[in-house]
Each structure stands twice: as C-alpha cells, then as structure tokens.
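Student: the sequence isn't on hand, but the structure is:
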Ligand SMILES: Cc1ncc(C[n+]2csc(CCOP(=O)(O)OP(=O)(O)O)c2C)c(N)n1
Ligand SMILES: [Mg+2]
C-alpha cells in the first residue's frame, strides 16, 4: 500500500469531500493563497475558487460564527483554527451556539460543521501555541470530538466528520503532520465513535489518543522486551466514546493505564478512568493509572518543555506501576 | 520635522533603530543556524515605528506589545542581554526561559508584555490606561498592534470602551500590509485602518511608518491628548516587514519586486542619509555608534550562550503565587 503523511491524509480528505459534495467549503486564516500554514490546502483555491476556499481575517469568533450560520443553512463548512489555542476566542460560537443548536430547537436545526484545530506541545511554540484542550470540548454536550494518531485514521475520520450532521471538533497533532503511514488510494471512511486496537496484548491495556498512541506503541515494544504484553487501544473519537472496546480489553487484561498529553487535572483521562471504575471495578486488578501532562503552563525553554508531558519512558513507568 | 534638526535627538533615534535592526538580524541569523528554537518574528524594516512611538512617551509610561515585539521591548529600554537569553530559553532570560520570544515582559520598564494571541494586547492596554485613570497616576499606555489585529473583536471592543471613557491610551497600528500571507485589503472594509477611529469618535491619523519623525510627531500629539484627559487616538503607521512573517517563511504570497521596492525605503538607511546629509554627524561618528551597538548585541549573544539552562524543577514553579506545589502536583 502507498505511504503518505498525516498532513497529506488530512489534505486528501478535504479535497475528496469537496469534489464529492459541493456544499463543503473551507474557511480560516491563510487557507487560500498560502494553502494553510501547514500546507494542507495548497492549490485548493486555484482548483475550487475563492468562494469555497476562503482566506478570513483574524476574527476567530466572527468566522467560526459565520461557519455556524452557513452550516445551519445547509452548507458543510470545514473551518480551521490555526492553533487549538485560539479556540477560546471562538468559544461562544463553538460552545453556546454550534453545540446547543440541535437540542435547543428540539431537533429542528442541525449544524454540520467541522472545526479543525492543530494542538500539542514539543515544538517550542510556547505557552499560547502548544496546548491540548481536548477536555474543554468533551465537556460540552453537542460536540463530537475526534483526535486521530495516524494518517489512515486522520483521513477516514475527517471524511466521516465532514459528512456528519453534528458539529465535530477535529483535533490534529502538529507533531503528527510529518508522520508517514499506509493510506489506501481507494475511498474509505473511518466511523466516528469506533476505537481501534493498535496492538493486541494480554497483560495491560493502554488507552490513548492522538500523538500519545505513537508513544504508547513504542512503550509497548520496550515492555514486550521485558515480557509485558501491552494492548494499545486508540480511542480515536473522544466523543462518542467506544467504551465497548475499552471494556473488552480491560476484561482481558484487568489493568489499565490511560495516557494523554493534556494536563492531568480535569483531563479526559479522568473521565475514562471514572467510567472504568464505575462499570468494570470487579474486573480490575489494580487502580486505573493516569499518565498525563503536568498541571502547568507549557514552558518555552527547550530545557523544560519535554518534561511537562508524557513520552515513552513515563508510559513504560506507568505501566510498570500497575503490572507488578 | 523640527526635531530632525536636533542632532542629539536624531542620533539617539538612529541608535535605537539600529539596535533593533541588529538585534533582530542576529535573531534571524541564530535561528537559521539552528541556535534558536520555536517561532521568531522579526520587525526588520519596521524599526521607525517602535522607536518613534516609544520616544514619544516617558520611562514611567507603559506599552503593550505583540508577537512581533523585540523592537517594542528594546525601544522602551529592554535589556538586549536578557531578551537574547530569553530567546535562547536560558535561566537568565527575562522570563527565566519560560516565555520565549512571544512573552517577554518587564513591568519595571513599563513593558506590559508581548503576546502570542493576535489582538489580545489591545484590551489589556486599555485596562492599563484604566488603572492609570483609577489610581490617578497620569501615565499613558501605548498599544502596539498589527493591521490584521484590527479585525479582531477585541480591537473594536477595547477602542470603544477607551473612547467612551476617555482613557489615556494611544493605539499604534503597525500596518505592514499583511497578516501572515493575507493582504490586509483583501479582508478589511476600509483602506486605512486609521479610518476606523471615526466609528469610535476619536482622532485617527496616518503616519509614514518608515519615517521615524513622522511616527514621533503623530504619536507625540496623541500622547499629549491622552495625557490631557481628552482620550485615546489611533495612529496608523504604514510600513513593511522585510523578512517573512516568521523566520523560515517561504513568502510565496508576495513578490520579490514588492519586497525590493520597500527595501529601497528602508527607514534606517533613510535616517542615516538624513543625518549625514544634514551634517548632524560625520561618517566616523556614525561608524563608531554602530560599532558600539554591534558590540552590545554580540555581548548579548555571548551572555545568552554562556548562561545556564533552567533546571528541570523550574518546569513546575510560577504557576501560582501561593499553593503552587499543592495545586501543580494534583
Ligand atoms: C488569535 C490569533 N489568531 C491567529 C494567530 C496566528 N497569527 C500570528 S501573527 C498573525 C498575523 C498577525 O498580523 P498583524 O496583526 O498584521 O501583525 P504582523 O504579524 O503583520 O506584525 C497570525 C494570524 C494568533 N497568534 N492569534
Ligand atoms: Mg501585519
């Protein structure tokens, strides 16, 4: 199978959906002439025209709100926030408008909107360009939240997100853009709300998403060399959550480590851990362990940044705490 | 233009502009060599704005800066050594390495901080002016922001409040014609950002942002007005950045011709020529002044390079003033 990177996979998903459905259009900062700061829409403006690939001013609340308005009228906007850190500027439209519209209107109004937002630390982008705000979105009923780790999942999930009739926050990891992976030439989609076992194992379940899946797989290799077989469950969708897959894995391994890059306090890992505790307590041989970011602001210094969020060694150590 | 004939003042302005140029040129070089990490936004080509505007205020006044903030910081008296150390992420930097290029602040010098969020500094500047009003301390706050930032709601909300309450703030727009790749006219309803002042009932003026005297005159008038209690003004300075939006930007969105055209209007070359042709200083004097600044920047790099990294334990300090350990650990 051919190999492409995660950025290209996202680009292909948008491109194919724009060809497939005329109601799909793109808006955001630097999406047109520049083809996005990460190069994901290069050539799109020439191909689809300036009405379907819109360079917006720096007006996040304004253009996300316009995407909501266009979505209500039947279009399928794919809006980019250049960094997820800018989502707070548009949070009224995301949280109070897009998320609640269907419910508030008794199901009369749908908002088929995708908000794509790159996040994540490790690039020395400092405090306001490095966050993982996953839990901000999972806490708001009405939003679907997706965070792929691989090119295959990124492409398939984005296509599903664009076709979905509810607002989807699509969280990309900046560090994943250059990562290569197998992606078929043929059309496919990955359904929202379906986890994927990225590596089977009998001894411990590692639940992860986004870039941490890559680290978890590395950690699993290290652990295997020491005789510990970890099963890596990539949830891919945070909302809706495929708890069945997590549950089946936990019933097999009886031990769980939940891993995420976002800070630990109030992180989505706490939600997953609580659900496991509530529903699978009798199946557990050890308390659910969280390996997550420190409860700090992301520092700039190359001497500090990598220490504030999990890498392979922290995951290995976390697993060893529950597997004794 | 009367100021142009004050030799000392002209030389001081030149020195400040040259320092900004050399600092950012050095940052650019270090970034290209892989010695600086992250994002570096230089203001090469725009030096007349930060220097002219900061010359219009006193040491006790305040400024709010942007992601393109090295020039603002230096022009308000920032220490090049501490700035360079911050760009390196060293323990001796302005923010002990925690902030980096986009988050340098020095309250003692009236530098309220750079900002990674476009437009966020505008209400903060207005809030600083509100503090001066409430405490009756008489300072003026200069608010720097880009052309593209004037399309944020924060700009319109803050200018309205500042105007309604006649706050002592001066909004200084650095119009370099682009927000990253987007030409400002493609996404903006008015040709001059200064026109937006009309909507809020405050004066709006356009200055030549590549002429330090033009900037100085316009901002001085606005500062005097603010100081009198007559409220804010908007000063738009037309200028251009010679480098990409960030270091490493391929700049496919603008033509080489356009860049070359603006480089011929280089504010530093222009002021240097004015000083020499006006007989305000001789070539030797200029060369000596430049050599002194060059040494200062070299010393800043040496200081930064030789400084220690922050220790790992620093990662968890400074989140809170009190209860730091307890609140960070859980
Ligand atoms: C809220 C927000 N949106 C987008 C960005 C990304 N970004 C950084 S600088 C910039 C352009 C700013 O243009 P302008 O205000 O004209 O300042 P200039 O860079 O030209 O000096 C953009 C879009 C950001 N940092 N913050
Ligand atoms: Mg600009």
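Tutor: Nice, I can see it. Note that the coordinates shown come from a computational prediction; the quantities given were computed from them, not determined experimentally. Ligands and ions are numbered 1, 2, ... in the order given.

Student: what number of residues are in the vicinity of residue B:119?
Tutor: 25 (other CB atoms under 10 Å in any protein chain shown). (Glycine included, C-beta is placed from N, CA and C.)

Student: in the stretch 201-330 of chain B, where is pLDDT below threshold?
Tutor: B:330 (pLDDT under 70).

Student: not counting its neighbours along the chain, what's nearest the residue of it found nearest ligand 2?
Tutor: Using CB to the ion, residue B:241 is the residue of the stretch 201-330 of chain B that sits closest to ligand 2, at 7.5 Å. Leaving out its chain neighbours, the residue that sits closest to residue B:241 by CB to CB, 6 or more residues apart in numbering or on different chains is residue B:176, at 4.7 Å.

Student: same thing with residue A:324?
Tutor: residue A:286 (7.8 Å).

Student: following the longest helix belonging to chain B, which helix or strand shows up next?
Tutor: If you go by DSSP state H, chain B has its longest helix at helix B:7-32. Per DSSP states H and E, helix B:7-32 leads on to helix B:47-55 as the next helix or strand towards the C-terminus.

Student: what is the rounded mean pLDDT of that following helix?
Tutor: Per-region confidence: helix B:47-55 scores 98 on mean pLDDT.

Student: check whether the next helix or strand after that helix comes near ligand 1.
Tutor: The C-terminal neighbour of helix B:47-55 among helices and strands, as given by DSSP H and E, is strand B:62-64. No. Against ligand 1, strand B:62-64 shows no contacts by CB under 6 Å from any ligand atom, the least distance being 13.2 Å.

Student: next one: strand B:62-64 to chain centre, how far?
Tutor: Relative to its parent chain, strand B:62-64 has a centroid offset of 9 Å by CA atoms, centre = their mean, to the nearest Å.

Student: I'd say residue A:65 and residue A:93 touch.
Tutor: Yes. Under the criterion of CB atoms under 8 Å, residue A:65 makes contact with residue A:93 at 4.2 Å.

Student: more neighbours: which of the two?
Tutor: residue A:93 (24 against 18).

Student: buried set for the strand or helix carrying residue A:319?
Tutor: Following DSSP H and E, one finds residue A:319 within helix A:312-322. Buried positions in helix A:312-322, judged by neighbour count with 16 or more other CB atoms under 10 Å in any protein chain shown: A:312, A:314, A:315, A:316, A:318, A:319, A:322.

Student: and the two most separated of the residues you listed?
Tutor: Greatest spacing in these, by CB to CB: A:312 and A:322 (16.6 Å).

Student: mind listing the strands for the stretch 51-200 of chain A?
Tutor: Applying DSSP state E, counting those that start in this stretch to the stretch 51-200 of chain A gives strands spanning A:53-55, A:76-80, A:114-119, A:144-146, A:168-173, A:180-182, A:196-199.

Student: out of the ones you listed, which gets nearest to ligand 2?
Tutor: strand A:53-55 (13.9 Å).

Student: what packs against the closest one?
Tutor: strand A:24-28, helix A:44-48 (3 or more CB pairs under 8 Å, 6 or more residues apart in numbering or on different chains; DSSP states H and E).

Student: for the closest residue to residue B:151 other than its chain neighbours, give its distance to residue A:86.
Tutor: In this structure, residue B:151 finds its nearest non-sequential neighbour in residue A:57, 3.7 Å apart by CB to CB, 6+ apart. To residue A:86, residue A:57 is 13 Å away according to CB to CB, to the nearest Å.

Student: which residue does the stretch 51-200 of chain B have closest to ligand 1?
Tutor: For the stretch 51-200 of chain B and ligand 1, the shortest gap (CB to the nearest ligand atom) falls at residue B:146, measuring 2.2 Å.

Student: how about the secondary structure of the closest residue to that residue other than its chain neighbours?
Tutor: Excluding the flanking residues, the one nearest residue B:146 by CB to CB, 6+ apart is residue B:174, at 5.6 Å. Following DSSP: H, G, I helix; E, B strand; the rest coil, residue B:174 is assigned to strand.

Student: in terms of pLDDT, where does residue B:174 sit?
Tutor: 98.

Student: wait, it sits on residue B:143?
Tutor: No. At 10.8 Å, residue B:174 does not count as touching residue B:143 under the criterion of CB under 8 Å.

Student: that older thread, contacts only, for the residue of the stretch 201-330 of chain B closest to ligand 2.
Tutor: By CB atoms under 8 Å, 6 or more residues apart in numbering or on different chains, residue B:241 lies in contact with B:42, B:43, B:44, B:45, B:46, B:68, B:176, B:178.

Student: in space, what's closest to the fifth one - neighbours in sequence excluded?
Tutor: Across the structure, with CB to CB, 6+ apart as the measure, the residue nearest residue B:46 apart from its sequence neighbours is residue B:239 (4.7 Å).

Student: now swap in the fourth one and tell me
Tutor: Of all residues not flanking residue B:45 in the chain, residue B:242 sits nearest, at 3.8 Å (CB to CB, 6+ apart).

Student: can I assume the one you found sits in a helix?
Tutor: No. Counting by three-state DSSP, residue B:242 is not found in a helix; it is coil.

Student: state the number of residues packed around it.
Tutor: Other residues near residue B:242 come to 19 when the count uses other CB under 10 Å.

Student: relative to residue B:48, how far out is it?
Tutor: 13 Å.

Student: over to residue A:154?
Tutor: Taking CB to CB, one finds residue A:154 at 45 Å from residue B:48.

Student: all helices of the stretch 101-250 of chain A, in order?
Tutor: Listed in chain order, the helices found in the stretch 101-250 of chain A under DSSP state H, counting those that start in this stretch are A:101-104, A:134-138, A:151-163, A:211-225, A:243-253.

Student: that older thread, between residue B:174 and residue B:143, which is the more surrounded one?
Tutor: residue B:143 (31 against 28).

Student: so which residue is dead centre in chain B?
Tutor: Centroid check for chain B by CA atoms, centre = their mean gives residue B:72 as the closest residue, at 2.7 Å.

Student: now it. Its backbone dihedrals?
Tutor: With angles defined as degrees, to the nearest 10, residue B:72 sits at phi -60, psi -40.

Student: list the contacts of residue B:43.
Tutor: Listed by CB under 8 Å, 6+ apart, the contact partners of residue B:43 are B:20, B:24, B:49, B:50, B:68, B:69, B:70, B:71, B:174, B:241.

Student: same thing but at 6 Å, please
Tutor: B:24, B:68, B:71 (CB atoms under 6 Å, 6 or more residues apart in numbering or on different chains).

Student: from those residues, which is closest to chain A?
Tutor: Of all those, chain A sits closest to residue B:68, with 13.5 Å by CB to the nearest CB.

Student: quick one: the nearest residue to the closest one once chain neighbours are set aside from ligand 2, how far?
Tutor: Distances taken as CB to CB, 6+ apart place residue B:41 nearest to residue B:68, at 4.3 Å, with adjacent residues excluded. Counting by CB to the ion, to the nearest Å, the separation of residue B:41 from ligand 2 is 10 Å.

Student: residue contacts, residue B:41?
Tutor: By CB under 6 Å, 6+ apart, the neighbours of residue B:41 are B:67, B:68, B:246.
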